[in-house]
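1. after the sequence you'll find the predicted model.
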Amino acid sequence: MFETVTTALDWLGIVAFVITGALVASRKEMDIVGFALLGTATGIGGGTIRDVLLGLPVFWVHQPAYLVTCVLVSAIVFFTAHVPQSRYRMVLWLDAIGLALFAVSGAEKASLAGATGIVAVAMGVITATFGGIIRDLLGGEIPVILSREIYVSAALAGAAAFVVLTMLGVPRDLGIGAGFAIALVIRAAALQRGWSLPRYRPRPGLPHDRR
Amino acid sequence: MFETVTTALDWLGIVAFVITGALVASRKEMDIVGFALLGTATGIGGGTIRDVLLGLPVFWVHQPAYLVTCVLVSAIVFFTAHVPQSRYRMVLWLDAIGLALFAVSGAEKASLAGATGIVAVAMGVITATFGGIIRDLLGGEIPVILSREIYVSAALAGAAAFVVLTMLGVPRDLGIGAGFAIALVIRAAALQRGWSLPRYRPRPGLPHDRR
Amino acid sequence: MFETVTTALDWLGIVAFVITGALVASRKEMDIVGFALLGTATGIGGGTIRDVLLGLPVFWVHQPAYLVTCVLVSAIVFFTAHVPQSRYRMVLWLDAIGLALFAVSGAEKASLAGATGIVAVAMGVITATFGGIIRDLLGGEIPVILSREIYVSAALAGAAAFVVLTMLGVPRDLGIGAGFAIALVIRAAALQRGWSLPRYRPRPGLPHDRR
């Protein structure tokens, strides 16, 4: 049962991220194979880096169903991307869902592989953010991690909540649900209300360079 | 014999890609060590990612001849890059040759390592395209995968042709030759005649955002 | 004792690179979590790629102290980045120190892992340069490897000096010191006096394209 929960989270996160990658491809007016490449790289990029860092077999290499799904979802977006009123908003919201799902599933996979709490949190953050980083680098977009609203912090909060709760003995399913909800609510509030953490600001009156 | 064929393909592909990386270095007016870095990263980048994903030892780590060759070829380009009339056309054509060679050799190495057909095709595409992606990221160029003419699709067609033909029992050497020819002809036609697949286009009359 | 020397070098290099990453985050006016992400990726990026290529366990995955240090140093920079008169010069100088340290420690770790001399030199260069490459890609900066002054060459000289000296039977500690000093002096001279290697220049009078 538990195995199924995490795997289900992973699949949902992959589908959400594949759609964001394919929507970026639609903004670049790529062909269908470009959609598949950008969609797939976004969908499986974060988890791939997580597995390589942990020294585990990369999750999709022996399970072709992941690749098939990524390609199919990308193709569906190719034919329907004109439907949503605002593709850019849709990228941000699906990215938020994928971010929250992968923050928890990444931390979870790392802790199952024997990582300590801090490394598990780091793996949650990496899994959640690197798919989007790859998407933006390949698609020539401004990296979403540079956005002014809370982004990486939402993944961090979700992954940390999951790790701390399970360490405290909370059942894993509950920890997964709590971590996901925390990450999603924080990122959603950031998108909806412009929440942000205090940013570094050059002190007024002091000389400084910006290049 | 067979081993020799694939290895020869790999060497040719590496040399072709090293030249493209060094030619990009020449456009950036880098020094000879910059040529070596960009040439080498382009030449071995795709195969390196393939090996890491498959969990195999990275091919050049225990065979210094690869690095030596990459550095030598980069140095030769440093002293001769002024000769071709159009370095940009030359990058595109050598990139096409490398793309076709790596599409097949990547799929081949993956299938020898036990990957299923779909994963083998994906590995062919990854090996063929990521050297160029790394070159363009490091060199600050517009990524060639965003070009309007067929690019990733040529690698996909070549890798898929090889995988399908060998599954059908065609001798490997023949499958290798066919896959290579298909990828090269498609990419060459794209370069020569501007072939492209239908691209995603925002539907006229519908509201849409481009940011 | 010897183990301690290399490990100490590695720690110093990580701290130097974390500061450069966090200073880039300050130029982008990121929040504290953005500082931690960019600082940490810069600090451990080069060594992570080195370990993955060598097929070794990634050094920080089983030693959370590295991550903790990266995050702490990033946080300190968040609250003090307004102090230095010129953050951009500081990035360059700390980057120089990290470059020299990692050139030697990267080559050293590779040779301890059984790599031949040429591969050990390459690993030194990779460890020294890829942290900065990741920093500049994630931070949207012009990659420092494209700078006009000697950069990659300094890492190459330091790593090569260490490898050649230890092959000649010089004690490792001495080789480490010499390699570090050579890399740092070359890069410092490049920064201070504008040293550069001859760069590729399109031949005058010949037609050429720059796109």
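-> Structure's in. What do you need? Numbers count the residues shown, from 1 in each chain, chains lettered A, B, ... in the order given.

2. so stretch A:17-36, near chain B or not?
-> Yes: contact of stretch A:17-36 with chain B (Cβ under 8 Å from any Cβ of the partner chain) involves A:Ala25, A:Ser26, A:Arg27, A:Lys28, A:Glu29, A:Met30, A:Asp31, A:Ile32, A:Val33, A:Gly34, A:Phe35. Where you see a C-beta, it was placed from the backbone N, CA and C, and this is true even at glycine.

3. what does chain A have sitting close to chain C?
-> Contact residues, chain A versus chain C (Cβ under 8 Å from any Cβ): A:52-55, A:115-119, A:122, A:125, A:129, A:133, A:137, A:142-143, A:145-146, A:150, A:152-153, A:156, A:196-203, A:206-211.

4. which of those are close to chain B?
-> Contacts with chain B within the residues of chain A next to chain C, counted by Cβ under 8 Å from any Cβ: A:Val52, A:Leu137.

5. now, the residues of chain A next to chain C that are in helices?
-> Among those, the members found in helices (DSSP state H) are A:52-54, A:117-119, A:122, A:125, A:129, A:133, A:137, A:152-153, A:156.

6. the residues of chain A next to chain C, buried ones only, as a PyMOL selection?
-> Applying 16 or more other Cβ atoms under 10 Å in any protein chain shown to the residues of chain A next to chain C, the buried members can be selected in PyMOL as follows:
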select buried, chain A and resi 52+53+54+55+115+116+117+118+119+122+125+129+133+137+143+145+146+150+152+153+156+199+200+202+208
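
7. and the ones in helices among the residues of chain A next to chain C, which two are furthest apart?
-> Farthest pair in these (Cβ to Cβ) is A:Gly117 and A:Leu137. Separation: 29.8 Å.

8. turn the ones in helices among the residues of chain A next to chain C into JSON lines, columns for pLDDT and distance to B:Ala110.
-> JSON lines is the format used below for these (pLDDT from 0 to 100; distance: Cβ to Cβ, whole Å):
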{"residue": "A:Val52", "pLDDT": "97", "distance to B:Ala110": "16"}
{"residue": "A:Leu53", "pLDDT": "96", "distance to B:Ala110": "21"}
{"residue": "A:Leu54", "pLDDT": "95", "distance to B:Ala110": "21"}
{"residue": "A:Gly117", "pLDDT": "95", "distance to B:Ala110": "36"}
{"residue": "A:Ile118", "pLDDT": "96", "distance to B:Ala110": "35"}
{"residue": "A:Val119", "pLDDT": "96", "distance to B:Ala110": "30"}
{"residue": "A:Ala122", "pLDDT": "96", "distance to B:Ala110": "30"}
{"residue": "A:Val125", "pLDDT": "96", "distance to B:Ala110": "30"}
{"residue": "A:Thr129", "pLDDT": "94", "distance to B:Ala110": "28"}
{"residue": "A:Ile133", "pLDDT": "91", "distance to B:Ala110": "25"}
{"residue": "A:Leu137", "pLDDT": "87", "distance to B:Ala110": "24"}
{"residue": "A:Val152", "pLDDT": "91", "distance to B:Ala110": "34"}
{"residue": "A:Ser153", "pLDDT": "92", "distance to B:Ala110": "38"}
{"residue": "A:Leu156", "pLDDT": "96", "distance to B:Ala110": "35"}
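
9. CSV please, covering these and showing distance to B:Ala183.
-> Output for these, formatted as CSV (distance: Cβ to Cβ, whole Å):
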residue, distance to B:Ala183
A:Val52, 27
A:Leu53, 32
A:Leu54, 34
A:Gly117, 47
A:Ile118, 45
A:Val119, 41
A:Ala122, 39
A:Val125, 38
A:Thr129, 34
A:Ile133, 29
A:Leu137, 25
A:Val152, 39
A:Ser153, 44
A:Leu156, 43
